[in-house]
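Student: below: sequence and its predicted model.
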Amino acid sequence: MLVIRLSRVGKKKHPTYRVVVSEKTKDTVGNYLELLGNYDPHENKAELKSDRIKHWISKGAKPSGVVHNLLIDQKIIEGEKLAVAHIKKKKGDASGGQEAAGKPAEGAQSVSAPAEQSKAEPAPAPQPEKKVEEKKTEQPAEKKE
């Protein structure tokens with residue numbers, strides 16, 4: 001099966017990607033059929049060969065989730081974006097981490113929503129609180145001299 005996906009290139013801690021078409025089981029580093037473009041996520045810049053991408057999709061190649069969303073952004077294909085990654089935010093962030101707490105991005109479809117509903121169990125009944133009495137300790141009266 002053919003797949004259109006990203007192949008990482010670039011410096012350490014500053015990746016850029018090649019958009020390539022290859023066999024799903026092959027390694028993307030050197031074994032790809034055709035180079036279809038480049039993508040730099042730091043500058044949010046993509047240079048893609050739209051006619052060649054449409055050609056490979058017509059031949060049966062499936063874009064990966066990230067490439068699918070990239071092609072929709074570049075208006076090469078039409079459709080809805082896929083929910084592909086959930087980035088967890090650290091506890092100290094000002095946003096409160098609510099976006100990463102399982103809510104998909106706006107317009108994205110939640111893939112795991114039906115599974116979560118079927119696994120939900122009712123909450124256990126609350127236990128009555130036990131009162132603990134504090135012992136009063138009497139202090140001896142202070143002596144005045």
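Tutor: The structure has been received and is ready for your questions. No experiment lies behind these values; they were computed from the predicted model shown. Residues are numbered from 1 along each chain as shown.
Student: any idea which helix or strand of the chain has the worst average confidence?
Tutor: Taking mean pLDDT, DSSP states H and E as the measure, the chain has helix 113-119 as its least confident helix or strand, at a mean of 51.
Student: ok, the nearest residue to residue 14 once chain neighbours are set aside - how many residues close by?
Tutor: In space, residue 14 comes closest to residue 42 once its chain neighbours are excluded; the distance is 6.7 Å by Cβ to Cβ, 6 or more residues apart in numbering. Glycine gets a C-beta too; all of them are placed from N, C-alpha and C. Counted with other Cβ atoms under 10 Å, residues neighbouring residue 42 total 9.
Student: before we move on, what about residue 22?
Tutor: Here the number of neighbours of residue 22 (other Cβ under 10 Å) works out to 19.
Student: what does the one 10 residues further on give?
Tutor: Neighbouring residues of residue 32 were enumerated by other Cβ under 10 Å; the total is 19.
Student: my read is that residue 37 contacts residue 46, right?
Tutor: Yes: under the criterion of Cβ atoms under 8 Å, residue 37 makes contact with residue 46 at 6.5 Å.
Student: which of these two has more neighbours?
Tutor: Set side by side, residue 37 and residue 46 show more neighbours around residue 37, with 20 against 17, by other Cβ under 10 Å.
Student: how close does that one get to residue 74?
Tutor: 9 Å (Cβ to Cβ, to the nearest Å).
Student: ok, now residue 1?
Tutor: Distance from residue 1 to residue 74, by Cβ to Cβ: 23 Å.
Student: which stretches in this structure count as helices?
Tutor: 50-58, 65-73, 113-119 (DSSP state H).
Student: buried residues in the first one?
Tutor: To tie it back to what came earlier, the one meant is helix 50-58. Judged by neighbour count using 16 or more other Cβ atoms under 10 Å, the buried positions of helix 50-58 are 52, 53, 56, 57.
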